[in-house]
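S.K.: requesting a structural model of the entry that follows:
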Amino acid sequence: QVQLVESGGGLVQPGESLRLSCAASGSIISINTMGWYRQAPGKQRELVAHISSGGSTNYADSVKGRFTISRDNAKNTVYLQMNSLKPDDTAVYYCNQEIRRRWAGPFENYWGQGTQVTVSS
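M.R.: Next up is the predicted model:
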């Protein structure tokens, strides 16, 4: 089994920062792409950022220049540094990792439980 555990959400004021973490544990051979998604009330889940196994990154236009995604392969962990937070960033943030659990097996998608980020004055 594989489990993703997120941490780092909370309530902050506009302009402040938060850092989210998502650690995978269990039977893991390798991890491909890691990413962060978010879902605000009444809206569809959307991609925030993702990072490939080689370190290439991609961001939603709404967070470019404010958010930074990174990964620590030794710890099976992906991070999301969020700076200059805005009320529109309020959402539940979910991490996603593409994980191979068996040699020569497929990569499968796993999701974290979600962590609430609220930006409000």
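
S.K.: and the strands in the chain, which stretches?
M.R.: All strands of the chain, identified by DSSP state E, fall at 2-7, 10-12, 18-26, 30-39, 46-51, 57-59, 67-72, 77-82, 91-100, 107-111, 115-119.

S.K.: can you lay out those strands as CSV showing mean pLDDT and mean neighbour count?
M.R.: Bear in mind the C-beta positions are built from the backbone N, C-alpha and C, glycine included. CSV is the format used below for these (pLDDT from 0 to 100; neighbours: other C-beta atoms under 10 Å):
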stretch, mean pLDDT, mean neighbour count
strand 2-7, 96, 16
strand 10-12, 98, 14
strand 18-26, 97, 19
strand 30-39, 98, 20
strand 46-51, 98, 19
strand 57-59, 98, 15
strand 67-72, 98, 18
strand 77-82, 98, 23
strand 91-100, 98, 21
strand 107-111, 96, 15
strand 115-119, 98, 18
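
S.K.: so how far is T57 from the most centrally placed residue in the chain?
M.R.: Nearest to the mean C-alpha position of the chain, counting by C-alpha atoms, centre = their mean, stands W36 at 2.8 Å. W36 sits 11 Å away from T57, going by C-beta to C-beta, to the nearest Å.

S.K.: mind listing the shared neighbours of the two?
M.R.: 49-50, 69 (C-beta atoms under 8 Å, 6 or more residues apart in numbering).

S.K.: brilliant, that's me finished.
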